[in-house]
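A.B. asks: I'd like to go over a predicted model; first the sequence, then the structure.
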Amino acid sequence: VDPCREMANAVILHLVGVGWAAASLGAPDAEPQSSLVPITTATRTAVELSNTVWKIRPDPWEEAERNQWVLKGLPQPSLNAPVPATLNDIVEKDPLAAEVGWTSGYFGAVYYETEFVVPRGCDGRVALRFASTTFNAVAWVNGARVGGHAGCCTPWETLDLNASLLAAAGTPNRLIVRVDGARTWQSIPPGGSSTGKWGQPVLLGGDAGYYYSTPGIDGRVHLICTASAARLDHIAVATSFHGGAAAGTTGVVQSTVVCRGPGCGRHTWRVAVPGVPPVTHSVSPDGVASTLTLSIPNATLWWPVGSGATRTPTLYKLQIDLLGSDGTTLTDSYSLSVGIRTVSVSPTGIAVNGETVYLRGADCHQDAVLRGHGVDLTAVVANMNVMRSIGMNSFRFNSWPAPEELLSLCDEHGFLVQEEVPAIALRGDWDTACPASTPGGIFNSTGHCANGSTLAAHTRAVTELIKRDGNHPSVGAWSLANEPEVSHPGKDAADPGAVAYFGSLVGVARTADPQVRPVTIELDGACYDFHTKVGLDLVSIHNYPGWYDLAPVANVTADMAGFIKGWANAVPHKPIFVSEYGAGAVAGNHRIPPIPYTEEFQVAVLKADHAAFDQFRGVMGGEHVHSFHDFEQAGASNEDGKTLVTDILGLNYKGLHSRAMEPKAAVAIIAARYHRLAAHTMN
């Protein structure tokens, strides 16, 4: 069986002291999540339905069911929206927005409508694949419900659109998708809603509220069809090598593959890379995994950028074929790029192929002008080019997984990526019913706050992310949450409920990933024993001296150095990553002497932080400035309606660039430092 899926659905998590248990985690009426990115091959057709304009209609008055929008189509007036994109920056400009109930910061239900035609020759499985929908989605084809997904950021597929659902070949089919931004304590990310002083909807959730609150289809959408009902459904790759990292290395590619559909057991797998004899194996029954091991003599390893003139991020094209009962007829075929490398943890950092790499990078946010957190391929390529020019070799996508398309570029260019589950605001500061002082903390398995249902959703988010991204050599670590509340206010001792909750997720991640990459959680305090009790591999910490505490710049270096030293003493032999630091600046805002929100102030704080980092050579494993560019951060409140946003004009200004990617003075500071670190390794 698919190990990720079955682990998520069946494992019972026995935890000391707290009765956590994960129930069935499958999204209703949806196919098991496939790890395959849509491509066209000799046996597969992938037709993109996105990068076009769809009709949309918000449903603030809950008219859709009563007026049968799913059966009749969206009523007039409908609005227009591009896919992929989130909606606030677009819809608010439409003069008809108010007429259909759209208000600023709307996070309720939105219905999308488009048409698609199934090409002739799609004789096997026909389905729709959504790369990402935010936050909850349901799809209908020709009035029939065909799938759904809870949460965000990871792909999902509809049920097989059999002939009884589809119009004749060449005839349009109506696709309607409902998305909404609703969240609760039992969703990932968590959040809630209330009514403001003047009757306006108020989004709750602290960070969860102001990051990505708008609903939308924010990933690409494809119609996928196979020539045969029996087809490859999942592949998980693990690589290793022996004979040393120099010439003569034998690379090993282990492929765990799953066939789905009738007659799978009568087929044969064939796995190959160019120039190497293929390996074959009989196919297990429908849904049962088979493992094939391919040896590559004189293999060239995948190395991160900057590892040396002869060490490049080499990729091999892995070909997976499903052959018919005669052993020769091609039933299905698929290919993907793999890099032969290992990832482990050294006392001073992440080691690739046994050699420690100092990470130089930034936190990134999936946000852009107009498109919001919708995937923008132009921005993906442009941002990668800028990262390379600055001297970065890594990044962390903050509170949101990186787009699939960006990870493929990272594979090609040798970047290391820390992928993060969208689990932000697992803390009680936005809900008066869930203060951290609640007996048992907010991670109480039977309480109102983060309970067993939250853990089930979180477990699914972890396994879906690993299943989506596990084959990318660029992915070097998994982050399970951003700044959760792991101790009681005023105390540095770990909350037992938090230890139980996150300890279970660490086990889930290690079981789901055949490459067993390092696992971490992003922390913003000094709760040292939480790190030890949960068993994290990396110390990933956030500190903003001179910004949130308004301390004088002259105090920043000592503050940061003391923070790092505390962690180094408490958790020895674990690599320390300062994965968030910095200060805000509005692009073009200048003042001497520097004051907050000026470019001069941001530069001064960064230089002071760097002076602290340089005191810990051989202890720190990397640094990620926050953030790569400014991002939208607006609309979050607590239950009293008081804003929790500390930045102005709805943006977080800690970026090296503006939201429109205009460089600030800080870019030159970071570029000079990163190029110097690349030339003279701190390790």
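C.D. replies: That came through, no problem. Quick caveat: nothing in here was measured; it's all calculated off a predicted structure.

A.B. asks: what ranges do the helices span in the protein?
C.D. replies: 3-10, 69-72, 88-91, 207-210, 377-390, 404-413, 452-469, 496-512, 528-534, 556-570, 599-613, 666-679 (DSSP state H).

A.B. asks: can you flag the weakest of the ones you listed by average pLDDT?
C.D. replies: When the helices of the chain are ranked by mean pLDDT, helix 3-10 comes last with a mean of 34.

A.B. asks: could you single out the most deeply buried of the helices of the chain?
C.D. replies: Most buried of the helices of the chain, by mean neighbour count (mean count of other Cβ atoms under 10 Å): helix 207-210, with a mean of 27. Just so you know, the C-beta spots here come from the backbone N, C-alpha and C atoms, and that holds for glycine as well.

A.B. asks: OK, contacts around the residue lying closest to G391 once chain neighbours are set aside?
C.D. replies: Computed as Cβ to Cβ, 6 or more residues apart in numbering, the closest residue to G391 that is not its neighbour in sequence is Y674, at 3.3 Å. Counting by Cβ atoms under 8 Å, 6 or more residues apart in numbering, Y674 makes contact with R360, I390, G391, M392.

A.B. asks: and for S394?
C.D. replies: P304, V357, L359, R360, G361, F415, L416, V417, Q418, G476, G622, H624 are the contacts of S394 under Cβ under 8 Å, 6+ apart.

A.B. asks: can you add pLDDT and distance to I350 and give those back as TSV?
C.D. replies: Below are those laid out as TSV (pLDDT from 0 to 100; distance: Cβ to Cβ, whole Å):
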residue	pLDDT	distance to I350
P304	96	9
V357	96	6
L359	97	7
R360	97	12
G361	97	12
F415	97	13
L416	98	7
V417	97	11
Q418	97	9
G476	97	5
G622	97	8
H624	98	13
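
A.B. asks: now the contacts of Y674 as CSV including distance to Y653?
C.D. replies: As requested, those are exported to CSV (distance: Cβ to Cβ, whole Å):
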residue, distance to Y653
R360, 22
I390, 19
G391, 23
M392, 20
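
A.B. asks: most widely separated two among those?
C.D. replies: Among these, the pair separated by the greatest distance (Cβ to Cβ) is R360 and I390, at 8.7 Å.

A.B. asks: now the residue positioned nearest the centre of the chain: closest residue in space that isn't a chain neighbour?
C.D. replies: Geometric centre of the chain, nearest residue: P401, 1.4 Å, by Cα atoms, centre = their mean. In space, and not counting its chain neighbours, P401 is closest to C153: 4.9 Å by Cβ to Cβ, 6+ apart.

A.B. asks: I'd assumed A131 was in contact with the one you found.
C.D. replies: No - with contact defined as Cβ atoms under 8 Å, C153 does not reach A131; the gap is 9.0 Å.

A.B. asks: what about the two, which has more around it?
C.D. replies: The residue with more neighbours, out of C153 and A131, is C153; 29 against 23, by other Cβ atoms under 10 Å.

A.B. asks: list the contacts for the more buried one?
C.D. replies: C153 touches S132, T134, W400, P401, P422, A461, L465, counting by Cβ under 8 Å, 6+ apart.

A.B. asks: for the third one, phi and psi?
C.D. replies: This points to W400. phi -170, psi 130 (degrees, to the nearest 10).

A.B. asks: tell me the pLDDT of it.
C.D. replies: 86.

A.B. asks: for burial, what's the neighbour tally of it?
C.D. replies: 25.

A.B. asks: that one reaches V375, doesn't it?
C.D. replies: No - with contact defined as Cβ under 8 Å, W400 and V375 do not form a contacting pair (11.4 Å).

A.B. asks: neighbours around the residue nearest to A167 when sequence neighbours are not counted, how many?
C.D. replies: Once flanking residues are discounted, A167 sits nearest to N173: 5.1 Å by Cβ to Cβ, 6+ apart. For N173, the neighbour count with other Cβ under 10 Å is 19.

A.B. asks: N173 contacts V126, doesn't it?
C.D. replies: No - with contact defined as Cβ under 8 Å, N173 and V126 do not form a contacting pair (10.0 Å).

A.B. asks: okay, and the common contacts of the two?
C.D. replies: What both N173 and V126 touch, as defined by Cβ under 8 Å, 6+ apart, is the set V118, L166.

A.B. asks: wait, W567 sits on S540?
C.D. replies: No - counting by Cβ under 8 Å, W567 sits too far from S540 to count as a contact (10.1 Å).

A.B. asks: on that earlier part again, just the contacts of C153 now: which is nearest V605?
C.D. replies: W400 (25.0 Å).

A.B. asks: nearest residue to the closest one other than its sequence neighbours?
C.D. replies: Q366 is the one closest to W400 (Cβ to Cβ, 6+ apart), at 4.8 Å.

A.B. asks: and that neighbour, how close does it get to N385?
C.D. replies: 18 Å (Cβ to Cβ, to the nearest Å).

A.B. asks: again, but for G441
C.D. replies: G441 is 45 Å from N385, by Cβ to Cβ.

A.B. asks: what do you get for T41?
C.D. replies: T41 is 29 Å from N385, by Cβ to Cβ.

A.B. asks: ok, E62 - contacts?
C.D. replies: A109.

A.B. asks: wait, T520 sits on L480?
C.D. replies: Yes - using Cβ under 8 Å, T520 makes contact with L480 at a distance of 7.4 Å.

A.B. asks: these two: who's more crowded?
C.D. replies: Taking neighbours as other Cβ under 10 Å, T520 and L480 compare with T520 leading, 29 against 23.

A.B. asks: grab the nearest non-local neighbour of the more buried one.
C.D. replies: Using Cβ to Cβ, 6+ apart, the closest residue to T520 is L538 (4.0 Å).

A.B. asks: which residues touch that neighbour?
C.D. replies: V345, I350, A477, P518, V519, T520, K574, P575, F577, G621.

A.B. asks: quick one, grab the pLDDT at the first one.
C.D. replies: Predicted confidence (pLDDT) at V345: the value is 96.

A.B. asks: neighbours of it, how many?
C.D. replies: Number of residues near V345 (other Cβ under 10 Å) recorded here: 20.

A.B. asks: beta partners for it?
C.D. replies: The partner list for V345 in beta bridges (DSSP bridges) reads I350.

A.B. asks: what's near enough to touch it?
C.D. replies: Residues near V345 by Cβ under 8 Å, 6+ apart: A351, P518, D537, L538, K574, P575.

A.B. asks: give me the buried subset of the residues you listed.
C.D. replies: Among these, those buried by neighbour count (16 or more other Cβ atoms under 10 Å) are A351, P518, D537, L538, K574, P575.

A.B. asks: surely the third one touches V519?
C.D. replies: Yes - assessed by Cβ under 8 Å, D537 is found in contact with V519 at 5.4 Å.

A.B. asks: what residues are shared contacts of those two?
C.D. replies: Joint contacts of D537 and V519 (Cβ under 8 Å, 6+ apart) are A477.

A.B. asks: how close does the spatially closest residue to Y653 that is not a sequence neighbour get to Y548?
C.D. replies: Nearest residue to Y653 in three dimensions, chain neighbours excluded: G584, at 3.7 Å (Cβ to Cβ, 6+ apart). Remark: distance between G584 and Y548 (Cβ to Cβ) = 10 Å.
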